[in-house]
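Colleague: I need the structure of the sequence given here:
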Amino acid sequence: MKDLTKGNSTRLIIEFAIPVLIGNVLQLLYSLVDTRIVGETLGNKALAAVGATNPVNTLIVGFLLGLTNGFAIQVSRSFGAGDIKEMKKAVAGTVKLGLMVSVVLTILSLVFLKPLLILLNTKDELLNESYAYISIIFAGMTASMLYNICAGVLRAIGDTVTPLVFLGVSTALNIAGDLFFIKVLKTGVRGAAAATIIAQIISFVLCVIYIWKRYDILRINRSDFKVPKEMVKKMFQSGLSMGFMMSLVSLGTVALQGTINTFNNNIIVAHTAARKITELYMLLFSVLGTTMATFCGQNLGAGQIERIRKALRNVILVSFAWSIIMMILSYTVAPTLIKMVTATDEKEIIDTACKYLKIDTLFYFFPAMICIIRNAMQGIGDHITPIVSSFIELFGKFLIATFLAPQIGYMGIIVAEPIVWVLMVLPLIVQIIRNPMLKIPKKYNEQ
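Modeller: This next block holds a predicted model:
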């Protein structure tokens, strides 16, 4: 456990963030290895089929991740306030509400999956494999939810090392499962999906066993599941806000994917590879955002408002330094990275993906601020401004996919994100100006 309400805030944030960063690197490592195995073993067509599902996958799984992170904010606030009884109810509520939502989403996503893939202009030649892959992922989303609940609760009390350990286990099992199912059993893209679900189930079980043995304060019983209505309301406010924040971002990407899927397979593969590398480039932004949500939650519970303001400034400066490094990478080693991800020497794929990276990284200062400020606002109870910012992204990408991309082709997709990033950061800056550094709820300012 780590109490983020005392000590040097920047040092604590970095110590907290490093395991989260390593964990996200492991997730991306699996994603890249998975892409490599699929492309190398099954070919570009299978890789394009998997790539065509990425926005849909991110939409649903991202909503669940945001939901659990939002629920966990209540856990961090109670922990920061030192109220262990309330914290246990928050943990129980996270489990209860998370399971309910994941079951409903599983049913809905499987029912409407194929029509959604068709709506996204998924090519007929890719549709069956795309459906086969993503339907297995969605069927097992409850396993993903359960693991994310464990990880979210542990991070809420300041433990980022344990989720890292079990994520490492999951990554190793994922890669081994890919090799076994795809290369040995010859199950194609279905095997890649099955390996992911099996790895998550095993990691969840191991994580629960560890939590039960290691943390007395996280041992919940039947009475803890009688969560007060007021707490349920607060958890849904933060959970749905963070879930919708992430899903609105994904919906914008889904809108773009519908246009991307109308291009040739080389463009689809190039975009898939570029997005994989973009996830790596932007990794620190999401990590710092996750860290700030927990940091703000704990310090809000403890009434340490000034620590939140100072930490926000310092974290944004760190993200700017990272942005500069990513720009340099895009103009030096991007072709090598593309080849590593796709296992191809196809010139059109490499050139297209490199162009995407070189242009978009020039604007990384904006998504850096967006990720950090939105999560900080969630942590201190501002659930509206982040949603407004996310709606701007959704509508901006939809308009670009509808009007700009058909006119200038894939270049429209490349410039889509820089355009919406600039627009998205505006309401966040306005909110900060209205109340310097963060808009803190009045009741906490009075502490």
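Colleague: what's the first-to-last distance across stretch 206-223?
Modeller: For stretch 206-223, the first-to-last residue distance is 24 Å (C-alpha to C-alpha, to the nearest Å).
Colleague: buried ones in that stretch?
Modeller: Residues of stretch 206-223 classed as buried under the neighbour-count rule (16 or more other C-beta atoms under 10 Å) are 206-207, 211, 218, 220. In short, each C-beta sits where N, CA and C put it, glycine included.
Colleague: okay if I get those residues as TSV plus secondary structure, distance to residue 329 and pLDDT?
Modeller: Converted to TSV, the buried residues of stretch 206-223 look like this (DSSP: H, G, I helix; E, B strand; the rest coil; distance: C-beta to C-beta, whole Å; pLDDT from 0 to 100):
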residue	secondary structure	distance to residue 329	pLDDT
206	helix	35	89
207	helix	33	88
211	helix	37	88
218	helix	39	86
220	coil	44	87
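Colleague: please identify which of those is nearest to residue 425.
Modeller: Closest approach to residue 425 among the buried residues of stretch 206-223 (C-beta to C-beta): residue 207, at 35.7 Å.
Colleague: for that closest one, what are its contacts?
Modeller: Counting by C-beta atoms under 8 Å, 6 or more residues apart in numbering, residue 207 touches 147, 150-151, 162-163, 166.
Colleague: got it, and residue 249?
Modeller: Counted by C-beta under 8 Å, 6+ apart, residue 249 has contacts 62, 390, 393-394.
Colleague: farthest pair within the contacts of residue 207?
Modeller: Top of the distance list for the contacts of residue 207 (C-beta to C-beta): 147 and 162, 12.0 Å.
Colleague: who's more crowded, those two?
Modeller: Taking neighbours as other C-beta atoms under 10 Å, residue 147 and residue 162 compare with residue 147 leading, 25 against 18.
Colleague: measure that one to residue 282 for me?
Modeller: Separation of residue 147 from residue 282 (C-beta to C-beta, to the nearest Å) stands at 22 Å.
Colleague: and if you look at residue 424?
Modeller: 14 Å.
Colleague: can you pick out the residue with more neighbours from these two?
Modeller: residue 424 (26 against 21).
Colleague: pretty sure that one is in contact with residue 391, am I right?
Modeller: No. Using C-beta atoms under 8 Å as the test, residue 424 is too far from residue 391 to be in contact (9.2 Å).
Colleague: which ones among the contacts of residue 207 map onto strands?
Modeller: Secondary structure from DSSP state E places none of the contacts of residue 207 in strands.
Colleague: circling back to that earlier point, closest to residue 275 out of the contacts of residue 249?
Modeller: Nearest to residue 275 among these, with distances taken as C-beta to C-beta, is residue 62, at 13.5 Å.
Colleague: residues near the closest one, how many?
Modeller: Neighbours of residue 62 (other C-beta under 10 Å): 21.
Colleague: so it versus residue 237, what's the distance?
Modeller: 19 Å.
Colleague: pLDDT added to the contacts of residue 249, as TSV?
Modeller: Listed next are the contacts of residue 249 as TSV, based on pLDDT from 0 to 100:
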residue	pLDDT
62	78
390	83
393	83
394	82
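Colleague: can you put these in TSV and add distance to residue 306?
Modeller: What follows is the contacts of residue 249, written out as TSV (distance: C-beta to C-beta, whole Å):
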residue	distance to residue 306
62	33
390	28
393	31
394	34
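Colleague: now the element after the helix or strand that contains residue 293, going C-ward?
Modeller: Applying DSSP states H and E as the criterion places residue 293 in helix 283-301. Counting by DSSP H and E, the next helix or strand C-terminal to helix 283-301 is helix 305-330.
Colleague: helices or strands up against the next helix or strand after that following helix?
Modeller: Tracing the chain C-terminally past helix 305-330 and defining elements by DSSP H and E, one meets helix 334-342 next. Other helices and strands packing on helix 334-342, by 3 or more C-beta pairs under 8 Å, 6 or more residues apart in numbering; DSSP states H and E, are helix 9-42, helix 265-281, helix 347-360.
Colleague: tell me the centre residue of this protein?
Modeller: Note on the chain: the residue nearest the mean C-alpha position is residue 62, at 5.5 Å, using C-alpha atoms, centre = their mean.
Colleague: that one contacts residue 245, correct?
Modeller: No. Residue 62 lies out of contact with residue 245 (C-beta under 8 Å); the separation is 9.3 Å.
Colleague: torsion angles phi and psi at residue 52?
Modeller: When read as degrees, to the nearest 10, the backbone of residue 52 gives phi -70, psi -20.
Colleague: for the helix ranked longest in the chain, the distance to its chain's centre please.
Modeller: Longest helix of the chain, by residue count under DSSP state H: helix 84-119. Helix 84-119 sits 16 Å away from the centroid of its parent chain (C-alpha atoms, centre = their mean, to the nearest Å).
Colleague: how about stretch 118-127?
Modeller: 25 Å.
Colleague: what of stretch 217-228?
Modeller: 28 Å.
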